[in-house]
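> Structure for the following, please:
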Amino acid sequence: MACFEDQILEYATGNLSEQEADRVRGHIKYCPKCHSYYLGLLKIEADLIAWNVRDSFGDDFDKELIVACEERLEAKEFIHDILKPLLKYFYLALGILAFCALYRYTLFNETAAVFSRIGSSRISLETEAKDLELYLEQRLIGELGEENPNLCTLATLEMALNLPSGEPAEQRIADLKYLLNETADAARKRFFLFNALDGAFLAAEDMFKPKAAAVPAGKPGKQFLLAAEALENKEWDKAAELFKAVTINPSSAEEAKSATFRLAFVLDITGDYAGADRLYALLPDKYQGSVEGLLAPEMRKFAQARRRYSELVEIEAARIKKRKENAATYYIIGNERMLHFDLDAAADAYTRVILKFYGKNKRHSKINLAWCFMRKGDYKSAIDLYGSFRLINLDHRIYGDFGKSLAYARLGDTDRATAALSWEAKREFPGAYKVLAENYFRPQRSY
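Numbering: from 1, shown residues only. All right, here's what the predicted structure looks like:
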């Protein structure tokens, strides 16, 4: 090989001794060929160095990326290990919530269907209207005892139970049907997707249900009237004996079914739950198509609520003995007393909640206490309490307006009763507003 090419390669890589390097360096300086060869070697070495640097950076980057991914995976596995045992409980809770929602829908829509049927059925002036009022009162009390009462339903039921008596009975029954249908419509709007299915079931049921024989209407006898008066006065023992006598020797079929229905209610109130269940089960079979036959299964639900509350009161009484009572303690006691129409004891329990505690039980206690005042005839106290609802929220405020309106109507103050029906009440409950404002609170004009 000409010149010093081998030595130049060694020189470029720094492998020559100092003397040899001086000799090659002097040759490169004066030999153009070797000088060009040397520059080529330097360029190749520079490219190798640059490639090595890039390759090193890539290694570092890849290592950092791998480490970051591993850390993310470890964190994910750590979270998964924590949540995995809880995941089955989450799915279980989700399933329970779905079941409860379906159960709530079934009960609510069943009641709406009952309202629809009653609203389209015949209601006699003598007995059926009063039996329907008894059911509506139980329906209202049952709603008052709910954890989250529907104030729209409460307002409509209050309207139905407190229709002023200044109009003819036919007009009051027509208005009662109007309110019941509005309540059924409101219930169905909450579950609009199931309307078609409900309609199909109801149509099929009506198609295959045997037609009931028409029950001849008749005026109730003296014994029935005495029993009805005892029931109105909450003389339970007297009412039970008289209604038993009427069921044995009724003056008409109309009287027999009404006496059976009211006797079942009295037995339920006085704690004879088995006797009440037997009579409630008898009514739909023996008096098919009647108002009492439609209402009996619903009344059994309220009887079950009474029994459940009686059990809860025993638990809360033990809390009181241990001085561990809370707002729920007196709220439960108030509900139980309200279900048994012991209004003084119920009012005392609700007052304790209002004075000593805060939260949702206090709000619910105000609603229930106002109802107790209305039922006891203490309309002025009811007006004061309904007025305090304006400090809570819109639903309570509107419900309070209707409550005040009814209380003023009971006091005979039609002007204030009309003024209490605010534009908010008209917007939210147009049916109830129409019934009261147009039919009962009309201003007396003089021309």
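> Show me the shaky parts of the protein.
1-2, 4-5, 46-91, 93-95, 97-123, 125-126, 165-166, 182-220, 442-447 (pLDDT under 70).
> Spatially central residue for it, please.
Centroid-nearest residue in the chain, with Cα atoms, centre = their mean: residue 148, separated by 5.8 Å.
> centre of the chain versus the helix or strand where residue 311 lies, how much separation?
If you go by DSSP states H and E, residue 311 is part of helix 291-321. Offset of helix 291-321 from its chain centre (Cα atoms, centre = their mean, to the nearest Å): 19 Å.
> If we go by neighbour counts, what in it is buried?
By neighbour count, with 16 or more other Cβ atoms under 10 Å as the criterion, the buried positions of helix 291-321 are 291-296, 298-300, 302-303, 305-306, 309, 312-313, 316. C-betas here are computed from N, CA, C, even on glycine.
> before we move on, what about stretch 10-19?
Applying 16+ other Cβ under 10 Å to stretch 10-19 flags 10-12, 16 as buried.
> again with stretch 16-29
So for stretch 16-29, counting by 16+ other Cβ under 10 Å, buried means 16, 24, 27-28.
> Can you pull out the residues in contact with it?
Applying Cβ atoms under 8 Å, 6 or more residues apart in numbering, the external contacts of stretch 16-29 come out as 3-4, 7-8, 10-11, 34-35, 38.
> separation between the residue nearest to residue 130 when sequence neighbours are not counted and residue 430?
Ranked by Cβ to Cβ, 6 or more residues apart in numbering and with sequence neighbours excluded, the top spatial neighbour of residue 130 is residue 228, at 7.1 Å. Separation of residue 228 from residue 430 (Cβ to Cβ, to the nearest Å): 34 Å.
> Looking at these two, which is more packed in?
residue 228 (20 against 11; other Cβ atoms under 10 Å).
> check which helix or strand covers the more buried one.
Short version: residue 228 belongs to helix 222-232, going by DSSP H and E.
> Quick check: next helix or strand after that helix?
Counting by DSSP H and E, what follows helix 222-232 is helix 236-248.
> Go through that next one and flag the buried ones.
Buried residues in helix 236-248, counted by 16+ other Cβ under 10 Å: 236, 238-240, 242-243, 245-247.
> now for the helix or strand containing residue 383, which elements pack on it?
According to DSSP H and E, residue 383 maps onto helix 379-387. Judged by 3 or more Cβ pairs under 8 Å, 6 or more residues apart in numbering; DSSP states H and E, helix 379-387 is in contact with helix 360-376, helix 394-410.
> so of the ones you listed, which one's packed in deepest?
The highest mean neighbour count among the helices and strands packed on helix 379-387, using mean count of other Cβ atoms under 10 Å, belongs to helix 394-410: a mean of 23.
> quick one: that helix to chain centroid distance?
That offset, for helix 394-410, works out to 22 Å (Cα atoms, centre = their mean).
> Can I get the next helix or strand after it in CSV? Just the C-alpha atoms.
Following helix 394-410 in sequence order, the next helix or strand is helix 414-420 (DSSP H and E). Taking Å, rounded to 0.1, in the frame of the first residue of the first chain, the C-alpha atoms of helix 414-420 are listed here in CSV:
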residue,chain,number,x,y,z
THR,A,414,-113.5,32.8,51.0
ASP,A,415,-111.6,35.9,50.1
ARG,A,416,-108.4,34.8,51.9
ALA,A,417,-108.9,31.3,50.6
THR,A,418,-108.9,32.6,47.1
ALA,A,419,-105.9,35.0,47.7
ALA,A,420,-103.9,32.1,49.1
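> contact partners of helix 414-420?
401-402, 404-406, 408-409, 436-437, 441, 443.
> please redo it, this time with the cut-off set to 7 Å
401, 404-405, 408-409, 437, 441 (Cβ atoms under 7 Å, 6 or more residues apart in numbering).
> would you turn the residues you listed into TSV with distance to residue 415?
Formatted as TSV, the contacts of helix 414-420 follow (distance: Cβ to Cβ, whole Å):
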residue	distance to residue 415
401	15
404	13
405	11
408	8
409	11
437	12
441	9
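> quick one: which of these is nearest to residue 153?
Top of the list for closeness to residue 153, among those and by Cβ to Cβ, is residue 401 at 16.1 Å.
> Tell me which residues touch residue 396, please.
151, 389.
> Switch the helices and strands packed on helix 379-387 over to TSV; also include distance to residue 278.
Shown next, in TSV, are the helices and strands packed on helix 379-387 (distance: least, Cβ to Cβ, whole Å):
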stretch	distance to residue 278
helix 360-376	29
helix 394-410	36
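> what's the closest of these to residue 139?
Nearest of the helices and strands packed on helix 379-387 (Cβ to Cβ): helix 360-376, 12.9 Å.
> tilt between the closest one and helix 394-410?
10 degrees (axes from the mean of the first three to the mean of the last three Cα atoms, to 10 degrees).
> Helix 360-376: how far from the chain's middle?
Worked out by Cα atoms, centre = their mean, helix 360-376 lies 19 Å from the chain centre.
> which helices and strands does that helix pack with?
Counting contacts by 3 or more Cβ pairs under 7 Å, 6 or more residues apart in numbering; DSSP states H and E, helix 360-376 packs against helix 128-144, helix 327-339, helix 343-356, helix 379-387.
> what sits up against it?
Residues external to helix 360-376 that are found in contact with it (Cβ under 7 Å, 6+ apart): 144, 149, 327-328, 331, 334, 338, 343, 346-347, 350-351, 353-354, 381-382, 385-386, 388-389, 392, 403, 407.
> What's the PyMOL syntax to select whichever of these are buried?
Under the burial definition 16+ other Cβ under 10 Å, those of the contacts of helix 360-376 that qualify are selected in PyMOL by:
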select buried, resi 144+149+327+328+331+334+338+343+346+347+350+351+353+354+381+382+385+386+389+403+407
